[in-house]
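Engineer: Build me a model from this:
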Amino acid sequence: MFIATLLTTPGTGRLDLALVDSLRNAWGGGDVLWLAPDEAAEFALPAMPANLWTVWAEVQALGVDLAVQPAAGRRKKMLLADMDSTMIRQECIDELADEAGVGAHVKDITARAMNGELDFEAALIERVALLKGLPEGVIAKVLAERIEMMPGGRALVATMRAQGGYAALVSGGFTAFTGHVAQELGFDENRANALLVEQGVLTGQVGLPILGRAAKVQALEEITARLGITHGDVMAVGDGANDLGMLGRAGAGVALHAKPSVAAECDLRVNYGDLTALLYLQGYGRDEFVA
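Structural biologist: Residues are numbered from 1 along each chain as shown. Predicted structure coming up:
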């Protein structure tokens, strides 16, 4: 048995009854369950539709996300999340670089690295080198003035934890940011890279070993082993090429507003919904969300 989920950007009302019913009838699905009026709905299917990706492209043009996944084990016991452009709207290193006056150059490198065009570790070393001499206090300034949480993040973490789930924030960014974001959103733990500081200024170096794609997979393996759960019990979410390892290994890997090359490798893609989409994909109704 499979479950088809349709959802859209909260507050837009773009998910209408006619679209959901039409797709349910075309695929021979079961009764429609509305998880949130005009925002998210699901129905059961006896088999995976052969034309899934054709239909997916059609509803994307209408501002609607579509996912089909096995019904069994949808509600996960662990959330493993990327931070930059996933749990927050920004890329932290780009914001620091902007303060250092090299924003445009670093932003270009970041985009290419996240799209898989550059080696992640080499690109990180190159970008951090451009921050040399930046006062350490700028980190607090960026956190206070430039960093915004992605909508739905607090509800996602709180709801999964209320059901006994565990939440880990694993980033190729920096501990100076993950510590703050993890505390704000209620994560159980966080892992990231360390920006090295001497006499109150950034040295232009990052602590070794660098946490990249392999380290995110390692986090998945270590934390699940510690908790006594399986990879299938995990929902992972990210947007960049360095997230593909954990997205592919987790029971449910969600590409959230991801780079095209990343989304192409994931069966669960969210381009319109916010982070509450990850709750809808697990079958939670809005009335079950924890504020």
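
Engineer: which residues sit against the host helix or strand of Trp53?
Structural biologist: Using DSSP states H and E, the element containing Trp53 is helix 52-60. Contact with helix 52-60 is made by Leu6, Leu19, Leu23, Pro49, Asp65, Leu66, Val68, Arg269, Asn271, as judged by CB atoms under 8 Å, 6 or more residues apart in numbering. (Each C-beta comes from the backbone N, C-alpha and C, glycine too.)

Engineer: Emit the ChimeraX select command for whichever of these are buried.
Structural biologist: ChimeraX command restricting the contacts of helix 52-60 to the buried ones, with burial defined by 16 or more other CB atoms under 10 Å:
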select :6,19,23,49,65,66,68,269,271
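
Engineer: Between all of the contacts of helix 52-60, which two are separated the most?
Structural biologist: With CB to CB as the measure, no two of the contacts of helix 52-60 lie farther apart than Pro49 and Asn271, at 19.2 Å.

Engineer: Show the low-confidence segments of this protein, by residue range.
Structural biologist: Along the chain, segments meeting pLDDT under 70 are nowhere present.

Engineer: What segments of it are strands?
Structural biologist: Ranges of strands in the chain, per DSSP state E, are 2-8, 33-36, 40-45, 64-70, 78-81, 166-174, 189-193, 195-198, 201-206, 234-238, 252-256, 268-270.

Engineer: Redo these as a markdown table? Include distance to Thr110.
Structural biologist: A markdown table is the format used below for these (distance: least, CB to CB, whole Å):
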| stretch | distance to Thr110 |
| --- | --- |
| strand 2-8 | 28 |
| strand 33-36 | 33 |
| strand 40-45 | 31 |
| strand 64-70 | 25 |
| strand 78-81 | 18 |
| strand 166-174 | 10 |
| strand 189-193 | 14 |
| strand 195-198 | 15 |
| strand 201-206 | 14 |
| strand 234-238 | 14 |
| strand 252-256 | 17 |
| strand 268-270 | 21 |
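
Engineer: how about TSV for the contacts of helix 52-60, with distance to Val201 added?
Structural biologist: Below are those laid out as TSV (distance: CB to CB, whole Å):
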residue	distance to Val201
Leu6	50
Leu19	55
Leu23	57
Pro49	56
Asp65	44
Leu66	49
Val68	51
Arg269	41
Asn271	40
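
Engineer: Out of the contacts of helix 52-60, which is nearest to Leu202?
Structural biologist: Looking across these and measuring by CB to CB, the closest to Leu202 is Asn271, at 34.8 Å.

Engineer: quick one, what contacts the closest one?
Structural biologist: Neighbour list for Asn271: Gln60, Asp65, His257, Ala263 [criterion: CB under 8 Å, 6+ apart].

Engineer: Out of these, who's the most crowded?
Structural biologist: Asp65 (23 neighbours; other CB atoms under 10 Å).

Engineer: Thr12 is in contact with that one, correct?
Structural biologist: No: the criterion here is CB atoms under 8 Å, and Asp65 misses it with Thr12 at 12.0 Å.

Engineer: quick one on the thing from earlier: taking the contacts of Asn271, tell me the two that lie furthest apart.
Structural biologist: Maximum pairwise distance among these (CB to CB): 12.7 Å, between Gln60 and His257.

Engineer: Excluding sequence neighbours, find me the nearest residue to Leu156.
Structural biologist: Leu275 (4.6 Å; CB to CB, 6 or more residues apart in numbering).

Engineer: what about that neighbour, neighbour count?
Structural biologist: Leu275: 24 neighbours (other CB under 10 Å).

Engineer: ok, now Pro260?
Structural biologist: Pro260: 8 neighbours (other CB under 10 Å).

Engineer: Pull the contacting residues for it.
Structural biologist: When the contact criterion is CB under 8 Å, 6+ apart, the partners of Pro260 are Asn115.

Engineer: same thing with Thr12?
Structural biologist: Gly63.

Engineer: how much space between it and Ala41?
Structural biologist: 14 Å (CB to CB, to the nearest Å).

Engineer: Of the strands of the chain, give the one that comes closest to Cys92.
Structural biologist: Cys92 lies closest to strand 166-174 among these, at 4.9 Å (CB to CB).
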